Structure formats: C-alpha cells, structure tokens
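Engineer: Next input, structure requested:
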Amino acid sequence: MREIYIQYYTSPCGELILASMGNELCLCDWNGMSCAERNKRRISKYLNVEFRTESSSVIEKTKTQLDDYFAGKRKVFNIPLCPFGTDFQLQIWKSLLDIPFEVFLLCLSFSVTSDFGS
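Structural biologist: This is a model prediction of the structure:
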C-alpha cells in the first residue's frame with residue numbers, strides 16, 4: 001500500500017495539516033476541523049493509501065513558502081499538487097488554480113465587506 005506523509009504547520013491563522021504523496025502535495029487543510037478529517041478519508045478512498053507522520057521535501061518546501069506568504073514576501077505558490085476526486089472536482093481545482101492573486105483578493109475583500117449571509 002502507498003503511503004502519504006503528514007506534518008503540521010502552525011500558521012498565524014491556526015494549525016494546518018499538510019500531506020504529500022511522492023513529490024506532490026495532496027492536502028493542506030485546517031487541522032482539527034471536521035473538513036480535514038473528511039478530506040483525509042476521501043484521500044484514503046480515492047488513492048488507497050496509509051497515512052504516516054513524517055516529512056517530505058514537498059512538505060518542507062510548502063512550509064517555507066507558507067512562511068514567506070505569512071511574512072508578506074510571497075503571493076504565488078509553486079508547489080507541485082496531487083489533486084484527486086471526480087472529473088467535476090478536478091475541473092474545479094484546475095479552474096481555481098487559474099485565478100490570479102489580485103482577483104482572489106478582490107473577491108475576498110468583497111465577501112468580507114458585503115452583508116451576504118446576514
């Protein structure tokens with residue numbers, strides 16, 4: 001059975017769980033949240049893998065890039081990804097990767113300042 005390596009990263013916004021398979025990142029999620037556990041189950045189902053608490057070169061690269069991002073030194077990540085899911089989910093992931101940082105900030109700003117959900 002293939003293995004996925006898991007490490008934890010403490011960010012200014014909370015603890016993240018990072019997971020890699022081979023030389024690709026397959027999970028970056030908020031640790032301790034139900035969505036992270038659900039995503040780990042999905043990874044296990046789709047990729048037929050076991051989880052192991054150990055680091056990898058891509059996890060260490062991810063931590064470095066996250067440090068740079070939270071220090072305001074990085075806007076773009078260049079981490080090799082291992083997306084998984086249905087064909088539809090894979091199309092969504094590809095579309096999300098094509099959104100420029102400035103557009104993301106504009107959408108984030110709009111969502112924070114709007115009254116949606118109230």
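Engineer: contacting residues around the residue lying closest to residue 97 once chain neighbours are set aside?
Structural biologist: Distance criterion Cβ to Cβ, 6 or more residues apart in numbering; nearest residue to residue 97, sequence neighbours excluded, is residue 81 at 7.8 Å. C-betas here are computed from N, CA, C, even on glycine. Residues near residue 81 by Cβ atoms under 8 Å, 6 or more residues apart in numbering: 24-26, 93, 97.
Engineer: want to throw those residues into CSV with secondary structure and distance to residue 12?
Structural biologist: Below are these laid out as CSV (DSSP: H, G, I helix; E, B strand; the rest coil; distance: Cβ to Cβ, whole Å):
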residue, secondary structure, distance to residue 12
24, strand, 26
25, strand, 20
26, strand, 24
93, helix, 25
97, helix, 24
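Engineer: Between which two of those residues is the distance greatest?
Structural biologist: The distance between the two most remote of those (Cβ to Cβ) is 14.4 Å, for 26 and 97.
Engineer: Counting neighbours around each, name which of the two comes out higher.
Structural biologist: residue 26 (22 against 10; other Cβ atoms under 10 Å).
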